[in-house]
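1. Structure for the following, please:
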Amino acid sequence: MATEAHGAEESSLVFHPMDQFIVKPLFGDGPIGVFTITNVTLWMALAVLCVVGLMVLGTARRAVVPSRSQSIAELAYGFIYKMVEDITGKEGVVYFPYIMTLFLFIVFANFLGLIPLSFTTTSHFAVTIVLALAVFLTVTILGFIKNGASFLGLFWVASAPLPLRPVLAVIELISYFVRPVSHSIRLAGNVMAGHAVIKVFAGFAAIAAISPLSVVAITAMYGLEVLVSFIQAYVFTILTCVYLKDALHPHH
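-> Below is the predicted model of the structure:
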C-alpha cells in the first residue's frame with residue numbers, strides 16, 4: 001500500500017512544461033491541415049482584434065482630453081514614430097505604419113499569452129520566422145529598388161584594408177542571410193523559455209512543502225514575463241528599423 005501511495009504521489013507530480021506549446025485543432029481532434037483552424041489561429045486573430053480595438057476603436061472619438069485607450073494608443077504611436085525617425089531618418093518614416101503594426105501585433109500576442117490557459121503564438125518558430133522573413137524580404141527588395149546594384153555596397157567594407165575586404169564581404173553576406181533566423185529565434189526562444197519556467201514552478205506548487213515558494217516564484221516570473229513581452233517586441237522592432245536603415249543607406 002505504501003508503495004502504491006508513493007507511486008500515485010509521483011504520478012501526480014508529473015508535468016510537461018512544453019505541452020502548453022502544442023498546436024491543436026480548435027474544433028474536433030482530427031489531423032491538422034492547411035486550412036484547419038487551430039489554437040494558433042484563434043490567438044493570432046485575437047491579437048489582430050486587440051490591435052484594431054486599440055488603434056481604431058480606442059481613438060475613434062479623437063477627444064481633446066483622451067480616454068485611457070486613446071492615451072495608450074497615442075503613447076505607442078509617439079514611441080514607435082520617434083524610434084523609426086531616430087534610426088532610419090526622415091526617409092524611413094514612410095514605412096512607419098508597417099513597423100507600428102508589427103510592434104503592436106507582437107506586443108499583444110505576447111501579452112495575450114500571459115493569460116492563464118491561453119496560447120502564446122510568438123513562442124512558435126513558425127510564426128516568428130514568417131514575421132522575420134517578411135521584414136527580410138521587404139528590406140532586401142526595398143534596398144535594390146532604392147539603390148539598384150549599389151545596394152551590394154552593404155557587403156563591401158570600403159573603410160577596411162583592401163586585402164581584408166573580400167573576407168569581410170563574405171562575413172557580411174553570411175550575417176545578412178542569417179538575419180531572419182536570429183531575428184525569429186530571439187523572439188520565440190525568449191517567450192518559450194519564460195513560459196516553460198512558469199509551468200515548472202506551477203507544477204511544484206502541488207507539493208505542500210514548497211507551495212508557498214512556488215507561488216512567490218510564479219508571481220515574480222509573471223512580473224518578469226510582462227517586462228520580457230514588451231522588451232522582445234521592442235527588440236524585434238528596433239532591429240527591423242536597423243535593417244531598414246541598411247536598405248536606405250547601404251554604404252558603410
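2. All the helices of the stretch 1-150 of the chain, in order from the start?
-> Taking DSSP state H, counting those that start in this stretch, the helices of the stretch 1-150 of the chain run over residues 2-12, 39-52, 68-88, 96-112, 125-147.
3. Redo these as JSON lines? Include mean neighbour count and mean pLDDT.
-> Using the backbone N, CA and C atoms, a C-beta is placed for each residue, glycine as well. Listed next are these as JSON lines, based on neighbours: other C-beta atoms under 10 Å; pLDDT from 0 to 100:
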{"stretch": "helix 2-12", "mean neighbour count": "9", "mean pLDDT": "44"}
{"stretch": "helix 39-52", "mean neighbour count": "17", "mean pLDDT": "94"}
{"stretch": "helix 68-88", "mean neighbour count": "16", "mean pLDDT": "94"}
{"stretch": "helix 96-112", "mean neighbour count": "20", "mean pLDDT": "95"}
{"stretch": "helix 125-147", "mean neighbour count": "17", "mean pLDDT": "94"}
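4. With distance to residue 244 added, can I get the ones you listed in JSON lines?
-> Putting the helices of the stretch 1-150 of the chain into JSON lines (distance: least, C-beta to C-beta, whole Å) gives the following:
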{"stretch": "helix 2-12", "distance to residue 244": "52"}
{"stretch": "helix 39-52", "distance to residue 244": "21"}
{"stretch": "helix 68-88", "distance to residue 244": "5"}
{"stretch": "helix 96-112", "distance to residue 244": "8"}
{"stretch": "helix 125-147", "distance to residue 244": "6"}
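5. Name the nearest residue to residue 228, ignoring sequence neighbours.
-> Spatial nearest neighbour of residue 228, excluding adjacent residues (C-beta to C-beta, 6 or more residues apart in numbering): residue 194 at 5.6 Å.
6. Number of residues surrounding residue 115?
-> Residue neighbour count, defined by other C-beta atoms under 10 Å, stands at 11 for residue 115.
7. Angles on the backbone of it, please.
-> Dihedral pair for residue 115: phi -70, psi 130, per degrees, to the nearest 10.
8. Next one, pLDDT for it please.
-> Listed pLDDT for residue 115 reads 89.
9. Tell me which of the helices of the stretch 1-150 of the chain approaches residue 213 most closely.
-> helix 2-12 (18.6 Å; C-beta to C-beta).
10. which residues touch the residue nearest to residue 228?
-> Taking C-beta atoms under 8 Å, 6 or more residues apart in numbering, we find residue 194 in contact with 221, 224, 225, 228.
11. Secondary structure and neighbour count for those residues - can I get that in JSON lines?
-> Formatted as JSON lines, these follow (DSSP: H, G, I helix; E, B strand; the rest coil; neighbours: other C-beta atoms under 10 Å):
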{"residue": "221", "secondary structure": "helix", "neighbour count": "19"}
{"residue": "224", "secondary structure": "helix", "neighbour count": "13"}
{"residue": "225", "secondary structure": "helix", "neighbour count": "23"}
{"residue": "228", "secondary structure": "helix", "neighbour count": "19"}
